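Visitor: Just to be clear, the model below is a prediction. Sequence and coordinates:
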Amino acid sequence: MSAIKIIAYISAAILIFFGILFVWGAFSPQGSPGWILVGIISIVFGFVIIWFGTRQRPGTAGESQNVTIKVDLPANVNIESMKCKSCGGSLTMDNIQMVAGAPVVNCPYCKSTYQLTEDPKW
């Protein structure tokens, strides 16, 4: 939740609380009939702030994000050609996609799909 929404909800709660107190105080022996109007305006303004606070900005709901991951490799790294586990076909970087944070291989030859794992070096 953003800081603006939190401030809006706190402000609305304070306005509604004091609005209820003004309406309630208008019916006390020392109360004034004008307090009812002040209380109702305060309550309505509090609910309007809540309504504006819950509205989403256009274009933020259901929007997808592209994530680019850059990997810095040490100096003496040789990249080997990749082969499919199922059919042994040659794979390129176009056959690898990031799905839910994990690299997934889609073989263009046998149409198999599997998660790419790194074997231990020892």
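Guide: Right, received. Where do you want to start?
Visitor: what about the chain, any weak spots by pLDDT?
Guide: 1, 56-64, 73-79, 119-122 (pLDDT under 70).
Visitor: Give the burial count for the residue nearest to Trp24 when sequence neighbours are not counted, as a bare number.
Guide: Spatial nearest neighbour of Trp24, excluding adjacent residues (C-beta to C-beta, 6 or more residues apart in numbering): Gly39 at 7.8 Å. Placement of C-beta: from N, CA and C, glycine included. By the criterion of other C-beta atoms under 10 Å, Gly39 has 20 neighbours.
Visitor: helix or strand for Gly39, which one?
Guide: Assigned by DSSP states H and E, Gly39 belongs to helix 34-54.
Visitor: tell me the domain boundaries of the protein?
Guide: Following automatic domain parsing, the chain resolves into domains at 3-54, 82-115.
Visitor: chain center to the last one: distance?
Guide: Translated: domain 82-115. 30 Å (C-alpha atoms, centre = their mean, to the nearest Å).
Visitor: And that domain, what's buried?
Guide: Judged by neighbour count (16 or more other C-beta atoms under 10 Å), domain 82-115 contains these buried residues: Cys84, Leu91, Asn95, Val105, Cys107.
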